[in-house]
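J.: got a sequence here, can you model it:
(2 chains)
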2 protein chains.
Amino acid sequence: MNFNRIKNLLQPADAKIVLLVMDGLGGLPKGLGHGTELETAKTPNLDDLAKQSLCGLHQPVGTAVTPGSGPAHLALFGYDPLAYEVGRGVLSALGIGFDLKPGDVAARGNFCTVDETGRVRDRRAGRISTDKNEVLCEMLRQVEVDGVRLFIQTVKEYRFLLVLRGEGLNGEIGDTDPQETGVQPLKPQARLPEARQTAELVHRFVEAAHEQLADEQPANMVLLRGFSQRPQWPQMGEVFGLRAAAIAGYPMYRGVGKLIGMQVLETGESLSEELETLEKRWDDFDFFYLHVKKIDSAGEDGDFDRKVSLIEEVDRHLPRLLELKPDVLIVTGDHSTPAVLRSHSWHPVPVLFHSAYCRPDHVARFGERACMTGGLGPRFPAKDLMPLALANAGRLRKFGA
Amino acid sequence: MNFNRIKNLLQPADAKIVLLVMDGLGGLPKGLGHGTELETAKTPNLDDLAKQSLCGLHQPVGTAVTPGSGPAHLALFGYDPLAYEVGRGVLSALGIGFDLKPGDVAARGNFCTVDETGRVRDRRAGRISTDKNEVLCEMLRQVEVDGVRLFIQTVKEYRFLLVLRGEGLNGEIGDTDPQETGVQPLKPQARLPEARQTAELVHRFVEAAHEQLADEQPANMVLLRGFSQRPQWPQMGEVFGLRAAAIAGYPMYRGVGKLIGMQVLETGESLSEELETLEKRWDDFDFFYLHVKKIDSAGEDGDFDRKVSLIEEVDRHLPRLLELKPDVLIVTGDHSTPAVLRSHSWHPVPVLFHSAYCRPDHVARFGERACMTGGLGPRFPAKDLMPLALANAGRLRKFGA
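T.: Below is the predicted model:
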């Protein structure tokens, strides 16, 4: 169902929908005979809920596709990630509340370390502190490039935002981040003829930044990626008829929410702070997106046991969420981040879908293998979760007579 | 596979296909620990057949979509309901055998009750009898509107058919039925400029009808919906190479069959009358559609137990159907109508697909949860059932060399 068809079926209802995203939830067993992170975790509350729910595994983008955080979240929000593509630059900008204007080109920056020959030694400059980042950004603000106005903003740790503002800019530019060490940063390449001028401006900025940071250690260079311009997309209020709120501690996820018209609520980074925000604002919205980031970070670090215990922590908080009695509750991840792979992966993601009318299946615990035989099936398209939530919330009328 | 691809693969065969549709079959449990209507019903014959069949759950239109009867049936007949949309007016006309001409605009009418201020009090006028309906239709036939010829036909109980015939008519007109009580009927709105004249003619008819019925109780007004013109669609004989017959007691379903070229056989409303028709005409067709309406009505009435016993009644008739030894037998519903929701719903529908070459799965009984793990999967697209039936009937050649 495309957005126009869904819009034609919308009807009002009071029911509240909660989407709890455990970032990078899906995993892999350490070896044969072992369980995944989620299967290893003791999750009595999630297991109880699974028994009353419709379960399955969802695919954020499609079979075999390892999704980035942006596309994975857009899919959960009901936006086909193949139709709604956005660069990481724009997401970073929105995430720190930077007021991106139409025509601005945004890029995500990393402070990095290069050796004397200019080869990248550490793509994250030893994960410098946010304080240090702020000092470095102030230095970069000295850089001037003729013909364009530059904005440099600290994001977090080694990450910053670069925005170019001026006439006739175009975001179709390749990354300068080579995504590996031991090689030189890439020269920014225009992907379209219309982007040649912008690529040249970026090149001049990078040269000047390198000069400006030459005496710094470890952060003596910058890498840029995700050049992009803010898209004009349909908003959630319009396509789903929902007053939607994002409760997410990390900038990136707040950014995705903003892009599709969610109101981003002030909150802390812990789940208990997020739940407090949820409780306080319960009456103000129809749809709440709650984001738990650290599970993904544990997966990226290859820390199987920490990922297990972070999942268990979410399980312990579940009763507090259930006390609010959401009419529809979806518990899932945005993608898989198996500790054994230390990265996002293409594996389908466990999902638990609960409502009074969900038609529970036989799944008796929340885990990858159990969910494979659930009523949502083993490859449910993530973008169909939102319409299903609307149906269960009584927000969709009958199609046809 | 689209129709052109299927047509290119057709080959002749003698095999017979039967599609038994239990209207509104899919259900929901009354509460946790309970079964659905179908799971509660004692269905030894269907369970035996399930053991020799390929089972699953189908989705008539798509995930989260609650289908009307028209789209749901078209999907079972192999027609993508998103590509083949038709209004209820046309379906009503075809269902009572009204000879709709190209250009005619048809609408479904309800006799209803309005209060002194013109607000709708009962959208169905207390479900008046068909006899009373005939008297009222005769009264409405007194109404004349300049510039158009009007046809008024009794359908059943409170339902009638309105057809406008004349030059330059257009069916893009909004319903006058507000779908709720306590408000005035809507004024017919043209959805396109070309439909303005027709909307004005409809408005004049409604005004005159209101006057004509003013002294009647409870049926003192009419509501109109589903304005539409007969589409020109590919016929089943052409796209599937089948001589197809519809055995259905209710007008609506006979109408859907006619629209795609089925021959509608005279029959009664009970399953045993329908089976008698099937037996008599067994040699004359390749494909038979049998429709059992009352299960849906029990669901719409919220009568869980009656729905259970009507399903059991179908089960008792199954051996009689099996005696004909259909080469392919599909037993399913067109959509779900859970008694707890008292309406059609978005839930996938149990389906049992039997043929000598169906490759049976592990499903040992016919029920929602059992079918979730069947070989057709938990979300089989309904429109793929027809091609699968053709394949099992030996009617499709190999694709490619």
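J.: by contact count, what packs against the longest strand along chain A?
T.: Across chain A, the longest stretch assigned as strand under DSSP state E is strand A:105-114. The contact analysis (3 or more Cβ pairs under 8 Å, 6 or more residues apart in numbering or on different chains; DSSP states H and E) places strand A:105-114 against helix A:88-95, strand A:120-122, strand A:159-165, helix A:196-212, strand A:221-228. Backbone N, C-alpha and C define where each C-beta goes, glycine included.
J.: mind running it again at 7 Å?
T.: Applying 3 or more Cβ pairs under 7 Å, 6 or more residues apart in numbering or on different chains; DSSP states H and E, one finds that strand A:105-114 makes contact with helix A:88-95, strand A:120-122, strand A:159-165, strand A:221-228.
J.: buried sites along the third one?
T.: Looking back up the chat, that one is strand A:159-165. A:159-164 (16 or more other Cβ atoms under 10 Å in any protein chain shown).
J.: TSV for these, including distance to chain B and pLDDT?
T.: Shown next, in TSV, are the buried residues of strand A:159-165 (distance: Cβ to the nearest Cβ, whole Å; pLDDT from 0 to 100):
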residue	distance to chain B	pLDDT
A:159	37	95
A:160	41	97
A:161	37	97
A:162	40	98
A:163	38	98
A:164	41	98
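J.: how near is residue A:115 to residue A:33?
T.: 44 Å (Cβ to Cβ, to the nearest Å).
J.: what about these two, which has more around it?
T.: Taking neighbours as other Cβ atoms under 10 Å in any protein chain shown, residue A:115 and residue A:33 compare with residue A:115 leading, 13 against 6.
J.: state the phi and psi torsions of the more buried one.
T.: Main-chain torsions, residue A:115, degrees, to the nearest 10: phi -90, psi -180.
J.: which residues are in contact with the nearest residue to it once chain neighbours are set aside?
T.: Using Cβ to Cβ, 6 or more residues apart in numbering or on different chains and skipping the chain neighbours, the partner closest in space to residue A:115 is residue A:121 (5.1 Å). Residues near residue A:121 by Cβ atoms under 7 Å, 6 or more residues apart in numbering or on different chains: A:113-115, A:181.
J.: spell out which residues of the stretch 251-400 of chain A are next to chain B.
T.: Contact residues (Cβ under 7 Å from any Cβ of the partner chain) of the stretch 251-400 of chain A with chain B: A:357, A:359, A:361-362, A:373, A:375-377, A:384, A:387-388, A:390-391, A:396, A:398-400.
J.: which of those count as buried?
T.: The neighbour count (16+ other Cβ under 10 Å) marks A:357, A:359, A:361, A:373, A:375-377, A:384, A:387-388, A:390-391, A:396, A:398-400 as buried among those.
J.: sitting in strands, which of those residues do you find?
T.: Using DSSP E, those in strands are residue A:377.
J.: lowest-confidence entry in the buried ones among the residues of the stretch 251-400 of chain A next to chain B?
T.: For those, the model is least confident at residue A:400; its pLDDT is 83.
J.: re earlier: need the helices and strands packed on strand A:105-114 in TSV (columns: distance to residue B:134).
T.: Shown next, in TSV, are the helices and strands packed on strand A:105-114 (distance: least, Cβ to Cβ, whole Å):
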stretch	distance to residue B:134
helix A:88-95	65
strand A:120-122	86
strand A:159-165	74
strand A:221-228	67
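J.: cheers, nothing more for now.
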